[in-house]
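In: I'll drop the sequence and a predicted model, then ask my questions.
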Amino acid sequence: MTRILAASPDAIAQAAEHLRAGELVAFPTETVYGLGGDATHAESVARVYAAKGRPSFNPLIVHVAHARWVLGMAQPDGRFDKLARTFWPGPLTMVLRRRADTPVAELVSGGLDTIAVRAPDHPVAQALLTAVRRPLAAPSANPSGRVSPTTAAHVHESLGDKVALVLDGGACRVGLESTVLDLTGDVPEILRPGAITAEELSAVIGRVTLATPDPAHVKSPGQLASHYAPSLPVRLGAHEARSGEALLGFGAADAATLNLSARGDLIEAAANLFAMLRALDDPNRFRAIAVMAVPETGIGLAINDRLRRAAAPRG
Ligand code: TXA
Ligand code: MG
């Protein structure tokens, strides 16, 4: 049986022990729960892929306590420095060119010559990184292709006994995965939209582009069509529930089974999205989930990105 422990200093010390022994620990971040393994230990990284059932060409994000940790992994440039100063710790992942001599396991990069790094803005994640004193490879703590977990109970439901310990730090504040920004080219490219928007990034480093998903050249599994998917079919742009459907509302909607944000607040909607998709994903009660339209502005872009993938034809 997996243990779920409230993230006390003692529990964090235990989690650090497990990680240093090459085992896996699920821990909270401000975005979603991560499934962590020692990024410098190839076997731990392999265990992460196995626990997720993730195709091994899909690389993992390396979590660090501080931008200084990145110096041993990649050659950060001026754009990285500016972005890290502005948005770290926080929900921004940056893809950089790997240093040949980095101790980070090759498997983390899934065969690419790049490495994705992020400093999470969560006291438990920060305390854990500081206690382990090693970077942690941590994908979202869900089976590959499914909805990301925003509570410790979600992790427990979906990963069962595949982790040594789940650190419970309550519900995640942001609720959507980090923005993934590729800094390896001349013009930075958003590979996965998230809480940090294109406008916010542009204000710091100038022009950024949004990657258009090309199934033949997927740089990021967040770009795969079907992803973040509940088991029930999802219908978008709904005005009301059809027979047998659950209705996930946004804004005023008396008929909604659940509402992402009755007051139409996009931040609140992002924080609720994955937990509500999970709650409605019940074949005993519904045959499908209908979702009302969410405005395509700010973090609404990231919400709609996840919703489109949840609704995409299954592979
Ligand atoms: O908010 C988050 O980012 C969460 C928390 C736990 O930090 N993590 C997360 O990890 O969402 P994951 O593995 O579920 O998604 C990582 C994304 C994927 O879309 C992956 O393809 C991309 O980052 N990625 C990782 N390394 C990459 C690389 N070297 N080049 C391009 N994309 C990369
Ligand atoms: Mg994920």
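Out: Sure, I can see it. Ligands and ions are numbered 1, 2, ... in the order given.
In: Check which helix or strand Ala279 maps to.
Out: Ala279 belongs to helix 266-280 when assigned by DSSP states H and E.
In: need the next SSE after that helix, C-terminal direction.
Out: strand 288-292.
In: Contacts for that following strand, please.
Out: With CB atoms under 8 Å, 6 or more residues apart in numbering as the contact definition, strand 288-292 has outside contacts at 230, 232-242, 244-251, 253, 256, 277, 280-281, 307, 311. C-beta: built from backbone N, CA, C; applies to glycine.
In: and if we set it to 7 Å?
Out: 230, 232-236, 238, 241-242, 244-250, 253, 277, 280-281, 307 (CB atoms under 7 Å, 6 or more residues apart in numbering).
In: tell me the angle that strand makes with helix 266-280.
Out: 170 degrees (axes from the mean of the first three to the mean of the last three CA atoms, to 10 degrees).
In: can you give me how far strand 288-292 is from the chain middle?
Out: 22 Å (CA atoms, centre = their mean, to the nearest Å).
In: Sketch out the low-pLDDT regions of the stretch 101-250 of the chain for me.
Out: Across the stretch 101-250 of the chain, residues meeting the criterion (pLDDT under 70) sit at 213-226.
In: residues contacting the residue sitting nearest the centre point of the chain?
Out: The centre of the chain sits closest to Glu177, judged by CA atoms, centre = their mean, with a distance of 3.2 Å. Contacts for Glu177 (CB under 7 Å, 6+ apart) come out as Thr31, Val32, Ser140, Ser148, Arg192, Gly194.
In: tell me which element the fourth one falls in.
Out: In other words, Ser148. Using DSSP H and E, no helix or strand contains Ser148.
In: quick one: contacts for it?
Out: Val32, Ser140, Asn142, Glu177, Tyr228, Phe274.
In: And the helices in this protein?
Out: 9-20, 42-52, 78-87, 123-132, 152-159, 198-205, 266-280, 300-311 (DSSP state H).
In: Format these as JSON lines; extra columns: distance to Ile61 and mean neighbour count.
Out: Output for these, formatted as JSON lines (distance: least, CB to CB, whole Å; neighbours: other CB atoms under 10 Å):
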{"stretch": "helix 9-20", "distance to Ile61": "16", "mean neighbour count": "18"}
{"stretch": "helix 42-52", "distance to Ile61": "11", "mean neighbour count": "20"}
{"stretch": "helix 78-87", "distance to Ile61": "14", "mean neighbour count": "16"}
{"stretch": "helix 123-132", "distance to Ile61": "12", "mean neighbour count": "21"}
{"stretch": "helix 152-159", "distance to Ile61": "17", "mean neighbour count": "20"}
{"stretch": "helix 198-205", "distance to Ile61": "17", "mean neighbour count": "15"}
{"stretch": "helix 266-280", "distance to Ile61": "17", "mean neighbour count": "22"}
{"stretch": "helix 300-311", "distance to Ile61": "16", "mean neighbour count": "21"}
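In: Distance to ligand 1 for those - can I get that in TSV?
Out: Formatted as TSV, those follow (distance: least, CB to the nearest ligand atom, whole Å):
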stretch	distance to ligand 1
helix 9-20	15
helix 42-52	8
helix 78-87	13
helix 123-132	8
helix 152-159	11
helix 198-205	15
helix 266-280	11
helix 300-311	11
